[in-house]
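Peer 1: Okay, here's the prediction I keep looking at, along with the sequence it came from:
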Amino acid sequence: MPELISNESVIEGRARKAYLYDFYGELLNEHQRQVYSDFVFNDMSLGEIAEEEGISRQGVSDMLKRCDGKLEGYEKKLHLVEKFMKIRHDVEQIYGIAERLKTDIKGTDDIETLNKITKIEDISNQIIEEL
């Protein structure tokens, strides 16, 4: 019996494809970008893309596999998505630590430390928004 793929793994796969496209999509040709974008971001089926592009469903499938291979190859060499995800995780951890510290000192008269922690939270949020 074939193993069922969980919704979570499908979502993770789509998210990975989106990140790969964000970082390396400009390295694909225009036609590849359009097909890949329709599949990943517009949630179009192979049949819908095939009809829109005037190619077969198999042609769309093959192109998506080639694009995945190219994008994964770029990531294997450059590791930009991996670095991005690590930075995002680390900044989220900094924010979480600052939140816990803020909770720990609330109710005390240490306004200076509270202001510093608030500044750390603000900077963390700014970094996450800019990523």
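Peer 2: Thanks, I have it.
Peer 1: This structure: strands as residue ranges?
Peer 2: Per DSSP state E, the chain has no strands. Nothing in it meets that criterion.
Peer 1: the longest helix in it is where?
Peer 2: If you go by DSSP state H, the chain has its longest helix at helix 80-105.
Peer 1: what about that helix, average pLDDT?
Peer 2: Across helix 80-105, pLDDT averages out at 92.
Peer 1: Domain ranges for the protein, per the record?
Peer 2: Domain assignment for the chain by automatic domain parsing gives 7-78, 82-130.
Peer 1: now what about stretch 98-111, what contacts it?
Peer 2: Under the criterion CB atoms under 8 Å, 6 or more residues apart in numbering, residues Thr113, Leu114, Ile117, Thr118, Ile120, Glu121, Ser124 lie in contact with stretch 98-111. Bear in mind the C-beta positions are built from the backbone N, C-alpha and C, glycine included.
Peer 1: Find me the pLDDT at Ser6, would you?
Peer 2: With respect to pLDDT, Ser6 scores 54.
Peer 1: ok, now how distant is Leu46 from Glu52?
Peer 2: Distance of Leu46 to Glu52, computed by CB to CB, to the nearest Å: 11 Å.
Peer 1: Who has more neighbours out of these two?
Peer 2: A side-by-side neighbour count of Leu46 and Glu52, using other CB atoms under 10 Å, places Leu46 first with 18 against 14.
Peer 1: List just the nearest of the contacts of stretch 98-111 to Arg88.
Peer 2: Ser124 (10.6 Å; CB to CB).
Peer 1: Give the burial count for the nearest residue to that closest one once chain neighbours are set aside, as a bare number.
Peer 2: Leaving aside its chain neighbours, Ser124 sits nearest to Tyr95 (3.9 Å; criterion: CB to CB, 6 or more residues apart in numbering). The tally of other residues near Tyr95 (other CB under 10 Å) stands at 18.
Peer 1: same deal with Asn115?
Peer 2: There are 10 residues near Asn115, going by other CB under 10 Å.
Peer 1: Next: the one 5 residues further on.
Peer 2: Using other CB under 10 Å, Ile120 is surrounded by 17 other residues.
Peer 1: List the residues that contact it.
Peer 2: Ile120 touches Ile94, Tyr95, Ala98, counting by CB under 8 Å, 6+ apart.
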